[in-house]
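# next input, structure requested:
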Amino acid sequence: MTMNRRNFIGKAALGAGAITIIPRHVMGGKGYIAPNDRINLGYIGVGKQSYGLVNSINGCKETFVLAACDVDKMKLASFKTAAEKANKSKLNNGSHIIDTYEFYRDLLARKDIDAVVIATPDHWHAMIAVDAAKAGKDIYCEKPMALTVTEGRAMVSATRKYNRVFQTGNMQRSWRNFRHACEMVSNGYIGQVKEINISIGDPHIACELPAETEPDYLNWDMWVGPSLFRNYNAILSPPVEEPGWPLWRLYRGFGGGMITDWGAHMFDVAQWSLGMDSSGPVEFIPPEKGAKRGMKMIYANGVVMNHVAWNEENAVQFVGSDGTIEVSRSFYKSDIKGLTKKELGHGDTPLYRSDDHYQDWIDAIKNRTKPISDVEIGHRTASVCNIVNIAYDLERPLKWSPSHEKFIDDDGANDLLRRPFRGKWDLTDF
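As a prediction, the model looks like this:
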């Protein structure tokens with residue numbers, strides 16, 4: 001680490017209000033954006049997810065990639081090539097070399113970077129986001145936003161303290177069918193909501209993978225970062241050319257299983273439909289011991305949300321007194337004829353409309369407003385996911401206070417709202 005936290009914080013404070021300038025000679029042509037109107041980006045964590053992000057975010061005319069950071073040299077080199085290609089449409093008779101870093105605080109210390117895209121494994125999200133807010137950067141952070149409830153609240157607090165714009169990667173909120181389904185539910189078109197069924201995969205599991213030899217292109221100690229140390233295994237951080245998604249997401253301490261990986265999308269839809277973006281369920285009732293499905297979550301208004309399989313995977317089923325709605329990325333259907341095409345009526349309340357999750361973030365940066373999946377929303381959704389994992393782990397009913405963000409009369413469960421950080425890593429100095 002070439003910059004300690006004390007030096008980083010001092011330099012970050014100086015850079016928070018810096019004016020961004022890109023040399024005029026590299027810009028121009030169709031769609032030209034003046035240098036001071038550009039939003040210069042740094043990417044932190046450049047694995048598989050980052051490629052879709054850089055193409056989508058660079059589709060916003062105001063954006064330009066200046067730098068990237070990763071502890072894996074092979075992934076960093078591959079992303080550098082992809083990002084420079086994504087920048088080319090915004091260059092005129094020239095090229096722009098993207099700078100690369102191993103330690104994220106070196107990237108954050110740059111005064112010419114306006115915002116960062118965080119796509120690291122989940123266990124790094126909070127530490128980087130809090131430091132980014134302190135450095136005066138706006139933030140796009142992949143879902144699930146936080147690995148623990150306490151870390152999520154720290155991310156909200158830092159974002160608010162430094163007046164940053166924070167978009168969580170719950171991009172289904174910017175998809176028409178999910179928004180429309182939530183509007184139909186929230187405006188009473190299926191009657192009184194009785195229950196919501198969420199079909200996603202399993203909770204997290206303990207990481208008992210055998211130790212393997214660390215590759216020379218990977219700084220494994222920094223990959224583990226603030227988490228408790230365990231030895232390298234390629235399943236956790238596979239080579240860049242490996243097909244499929246890295247499976248660190250399955251293991252406690254690094255991810256939250258499919259409960260957080262897909263739950264961050266599907267629980268988010270349920271929260272939105274119920275108007276619970278600043279709250280959550282008040283009871284979590286697990287199934288029989290050892291079961292990986294069957295968690296029951298009860299809201300204060302009596303609505304029950306279930307983690308169950310119901311013939312579809314990665315989908316949401318709303319059950320109302322007058323009918324049902326089912327929605328996923330591949331279908332949208334209802335047993336109420338014509339409902340999926342219905343327009344909102346006079347007196348109905350529309351939800352925040354975004355047709356492009358990335359442009360919505362950029363517009364919020366320009367206008368200094370909250371985007372569709374603001375940090376508080378991302379935190380509340382991630383909290384539901386994380387509490388579900390806690391309830392599966394403890395195998396006992398839990399009562400939750402959304403306003404205090406604590407379990408009621410259960411010190412053992414409250415201990416699991418945070419995790420120990422390794423070494424000198426902490427989230428208290430901001």
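
# need the longest helix for this structure.
helix 375-394 (DSSP state H).

# against which helices or strands is it packed?
Packing contacts for helix 375-394, counted by 3 or more CB pairs under 8 Å, 6 or more residues apart in numbering; DSSP states H and E, involve helix 149-161, strand 166-168, helix 257-261, helix 263-273, strand 283-285, strand 398-401, helix 411-414. From N, CA and C alone the C-beta is placed, and that goes for glycine too.

# and with 7 Å instead?
Under the contact criterion of 3 or more CB pairs under 7 Å, 6 or more residues apart in numbering; DSSP states H and E, the helices and strands touching helix 375-394 comprise helix 149-161, strand 166-168, helix 257-261, helix 263-273, strand 283-285.

# next, the angle from the fourth one to helix 375-394.
Which is helix 263-273. Computed with axes from the mean of the first three to the mean of the last three CA atoms, to 10 degrees, the direction of helix 263-273 lies at 120 degrees from that of helix 375-394.

# helix 263-273 packs against which elements?
Identification of packing neighbours for helix 263-273 by 3+ CB pairs under 7 Å, 6+ apart yields helix 176-186, strand 193-199, strand 315-320, helix 375-394.

# after whatever helix or strand residue 133 lives in, next one along is what?
Following DSSP states H and E, one finds residue 133 within helix 125-134. Heading C-terminal from helix 125-134, the first helix or strand you meet, by DSSP H and E, is strand 138-141.

# in stretch 54-68, what's buried?
Under the neighbour-count criterion of 16 or more other CB atoms under 10 Å, stretch 54-68 has 54, 56-58, 60-68 buried.

# list of residues touching it?
By CB atoms under 7 Å, 6 or more residues apart in numbering, the residues outside stretch 54-68 that reach it are 22, 31, 33, 37-43, 46, 76, 79-80, 82-83, 86-87, 90, 98-101, 107, 110, 112-113, 117, 358-359, 362.

# only C-alpha atoms, please: export stretch 219-235 in PDB.
The C-alpha coordinates for stretch 219-235 follow below in PDB (Å, rounded to 0.1, in the frame of the first residue of the first chain):
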ATOM      1  CA  ASN A 219      -1.900  -9.700  -4.800                       C
ATOM      2  CA  TRP A 220      -3.800 -12.200  -2.700                       C
ATOM      3  CA  ASP A 221      -3.300 -10.400   0.600                       C
ATOM      4  CA  MET A 222      -5.000  -7.300  -0.900                       C
ATOM      5  CA  TRP A 223      -7.700  -9.300  -2.600                       C
ATOM      6  CA  VAL A 224      -8.700 -10.600   0.900                       C
ATOM      7  CA  GLY A 225      -8.300  -7.000   2.200                       C
ATOM      8  CA  PRO A 226     -10.400  -6.300   5.300                       C
ATOM      9  CA  SER A 227     -11.800  -9.800   5.600                       C
ATOM     10  CA  LEU A 228     -10.300 -12.400   7.800                       C
ATOM     11  CA  PHE A 229      -7.500 -14.100   6.000                       C
ATOM     12  CA  ARG A 230      -7.800 -17.400   4.200                       C
ATOM     13  CA  ASN A 231      -5.500 -19.000   1.700                       C
ATOM     14  CA  TYR A 232      -5.900 -18.600  -2.100                       C
ATOM     15  CA  ASN A 233      -8.200 -20.900  -4.100                       C
ATOM     16  CA  ALA A 234      -8.900 -20.300  -7.800                       C
ATOM     17  CA  ILE A 235     -12.600 -20.700  -7.300                       C
END
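
# what is the mean pLDDT for it?
Across stretch 219-235, the average pLDDT comes to 97.

# do the same with stretch 114-133
Averaged over stretch 114-133, pLDDT sits at 98.

# just stretch 375-392 next, same as before
If you average the pLDDT over stretch 375-392, you get 98.

# and that stretch, how far from the chain's centre?
When C-alpha coordinates are averaged (CA atoms, centre = their mean, to the nearest Å), stretch 375-392 and its chain have centres 11 Å apart.

# got it, and stretch 309-323?
Computed by CA atoms, centre = their mean, the chain-centroid distance of stretch 309-323 equals 24 Å.

# gap between the two ends of that stretch?
19 Å (CA to CA, to the nearest Å).

# how about it: buried residues?
Within stretch 309-323, the residues that qualify as buried by neighbour count (16+ other CB under 10 Å) are 314, 315, 316, 317, 318, 319, 320, 323.

# pull the residues that contact it.
Residues from elsewhere that reach stretch 309-323, judged by CB under 7 Å, 6+ apart: 185, 190-200, 262, 266, 269-270, 273, 293, 324-328, 334-336.

# pull out the buried members of those.
The neighbour-count test (16+ other CB under 10 Å) marks 185, 190, 193, 195-200, 262, 266, 269-270, 273, 324-328, 334, 336 as buried among those.

# how close does the residue nearest the centre of the chain get to residue 373?
Nearest to the mean C-alpha position of the chain, by CA atoms, centre = their mean, lies residue 143 at 2.0 Å. Taking CB to CB, to the nearest Å as the measure, residue 143 and residue 373 are separated by 8 Å.

# so what sits against both of these two?
168, 170.

# what ranges of the chain fall below the confidence cut-off?
Within the chain, the set of residues satisfying pLDDT under 70 comprises 1-36, 93-94.
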